[in-house]
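*Asks:* Need the 3D shape of this:
(chains A and B)
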Amino acid sequence: MLETLKQPWPWYVAGVLIGLTVPTLLLLGNKHFGISSSLRHICAACLPTKIPFFQYDWKKEVWNLYFVGGVLLGGVIASQFLSNPDPVVVSASTIADLQALNIETDHELMPASIFTFKNLFTLKGLVFFIVGGFMVGFGTRYAGGCTSGHSIMGLSNLQWPSLIATCCFMAGGFFMVHVIFPWLFTIL
Amino acid sequence: MQFSEQPDATSVIDHPIECEAPNDQLSNESLVGSNIKYLIVGLLFGIVFVKAEIISWYRIQEMFRLHAFHMYGVIGTAVVVGMISVWLIKRLQLKTLQGETVVFHKKVFHWGNVIGGSIFGLGWAITGACPGPLFAQIGSGFLVVVVTLVSAIAGTFVYGLLQRKLPH
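*Replies:* Next comes the predicted model:
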């Protein structure tokens, strides 16, 4: 049993479990699935500001912070007790594409050549941590949600603005990988 | 919309001042006791994120390069399961644990869906993470992602700062 759990979980298992988060949160207490809102609550809770966007009762939304705290703990548990002993399988074509960008596939969850403290004060670190993170936080709030709030909760409730947002998420990602990356990695 | 518990003062601000992943529970909740259950749901959710390798930068690269079906399978299945669940909740008029009616919100289109959505997509491909996986990556021991998370919080803050000047 434990050995099975340690293997990578197939997409249909993960998909069903993630989909079930929607009714679970709704039925536990009328909570709407959406993770990027936690970033806003953190701003509202931690930064004293007169900005109207952060003037609301964040304590009422504190469930969202418990939820993301749980996600972090889940990461700890999964990596400590359920970690897969085998190397992460990456598709051969992706390995080849990354090779062309001078990224060695190391068969960990995250490429150690990028996601390391050593890169923090380099141009690579600036792009991957600072710029990338900023775009995620700014973009999701401007879009009114992320993959959870729009692509899963919004689409589950048949909201067409969420479909548009989801298409734009994908378009942005394709553009980055196919148009900007080849250029970007020539200077990194 | 049955969400009228708070005074209407916020409606002066035209664009989404209300929370987009709102708490619609009417009965009182304690700061800790009532919320532990969401920590547990989040914890299970985080385990799924790691075990299905959704937090992997490589999986996101495969997705945007159309080299693997995995992420499309995950998101597609989640949407179908979510849709059926929402339909069932509406159809059977299921109540929450507190016996309250489940509230749904209409999302109103604004240009942020397009512009902000595209900016997020660009960032997603760089970091290999949407906001949820950021937390799970940190938990899995990729501690440098704390910097990414802080930057994402800064991005959210700057959006709040510029909100009224941005096209919506």
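
*Asks:* check contacts around the spatially most central residue of chain B.
*Replies:* Against the mean C-alpha coordinate of chain B, by Cα atoms, centre = their mean, the closest residue is B:Ala21 at 6.8 Å. By Cβ atoms under 8 Å, 6 or more residues apart in numbering or on different chains, the contact list for B:Ala21 reads A:31-37, A:61, A:64, A:145, A:148-149, A:153. For glycine as for every other residue, the C-beta is placed from the backbone atoms N, C-alpha and C.

*Asks:* which residues of the chain fall in helices?
*Replies:* Using chain A. Remark: helices assigned in chain A by DSSP state H are A:2-6, A:11-29, A:37-46, A:62-81, A:92-100, A:123-125, A:132-143, A:155-156, A:160-175, A:181-187.

*Asks:* was after chain B, sorry
*Replies:* Using DSSP H, helices in chain B cover B:36-51, B:57-64, B:70-91, B:112-127, B:131-139, B:145-162.

*Asks:* Buried deepest among those helices, which one?
*Replies:* Greatest average neighbour count among these goes to helix B:131-139 (a mean of 28), per mean count of other Cβ atoms under 10 Å in any protein chain shown.

*Asks:* How about that one and chain A, touching?
*Replies:* Yes. Helix B:131-139 is in contact with chain A by Cβ under 8 Å from any Cβ of the partner chain, via B:Pro131, B:Gly132, B:Leu134, B:Phe135, B:Ala136, B:Gln137, B:Ile138, B:Gly139.

*Asks:* hmm, who's touching that helix?
*Replies:* Contacts for helix B:131-139 (Cβ under 8 Å, 6+ apart): A:35-36, A:38-39, A:68-69, A:71-79, A:109-110, A:133, A:136-137, A:140, A:146-148, B:45-46, B:49-50, B:54-55, B:127, B:129, B:145-146, B:148-149, B:152.

*Asks:* So for B:Ile84, what's the pLDDT?
*Replies:* Predicted confidence (pLDDT) for B:Ile84: 98.

*Asks:* Same check on B:Val79?
*Replies:* So B:Val79 comes in at 98 (pLDDT).

*Asks:* and the gap between the residue nearest to the centre of chain B and B:Ser85?
*Replies:* Taking Cβ to Cβ, to the nearest Å as the measure, B:Ala21 and B:Ser85 are separated by 16 Å.

*Asks:* can you check A:Phe185 too?
*Replies:* A:Phe185 sits 42 Å away from B:Ser85, going by Cβ to Cβ.

*Asks:* What of A:Thr4?
*Replies:* Relative to B:Ser85, and taking Cβ to Cβ, A:Thr4 is found at 26 Å.

*Asks:* can you check B:Gln25 too?
*Replies:* For B:Gln25, the distance to B:Ser85 - Cβ to Cβ - is 18 Å.

*Asks:* Can you get me a residue count around A:Phe54?
*Replies:* Using other Cβ atoms under 10 Å in any protein chain shown, A:Phe54 has 22 neighbouring residues.

*Asks:* Could you find the closest non-adjacent residue to it?
*Replies:* A:Ala44 (4.3 Å; Cβ to Cβ, 6 or more residues apart in numbering or on different chains).

*Asks:* So the one you found is in contact with A:Val62, correct?
*Replies:* No. Judged on Cβ atoms under 8 Å, A:Ala44 makes no contact with A:Val62 at a distance of 10.4 Å.

*Asks:* and the gap between B:Leu43 and chain A?
*Replies:* In this view, B:Leu43 and chain A are 4 Å apart by Cβ to the nearest Cβ, to the nearest Å.

*Asks:* so what's that residue up against?
*Replies:* Contacts of B:Leu43 (Cβ under 8 Å, 6+ apart): A:Gly70, A:Val71, A:Leu73, A:Gly74, A:Ile77.

*Asks:* List buried residues within these.
*Replies:* Neighbour-count burial (16 or more other Cβ atoms under 10 Å in any protein chain shown) applied to the contacts of B:Leu43 gives A:Gly70, A:Val71, A:Leu73, A:Gly74, A:Ile77.

*Asks:* Thought B:Gly42 was touching the second one, still the case?
*Replies:* Yes. Taking contact to mean Cβ under 8 Å, the distance of 4.7 Å between A:Val71 and B:Gly42 places them in contact.

*Asks:* what about stretch A:76-83, near chain B?
*Replies:* Yes. Stretch A:76-83 comes into contact with chain B (Cβ under 8 Å from any Cβ), by way of A:Val76, A:Ile77, A:Ala78, A:Ser79, A:Leu82.

*Asks:* Let's see if you can find the most crowded of the residues you listed.
*Replies:* That'd be A:Ala78 among these, by other Cβ under 10 Å, with 26 neighbours.

*Asks:* residue contacts, that one?
*Replies:* So A:Ala78 contacts B:Gly46, B:Ile47, B:Phe49, B:Val50, B:Lys51, B:Ala136, B:Gly139, B:Ser140 (Cβ under 8 Å, 6+ apart).

*Asks:* Cool, thanks, talk later.
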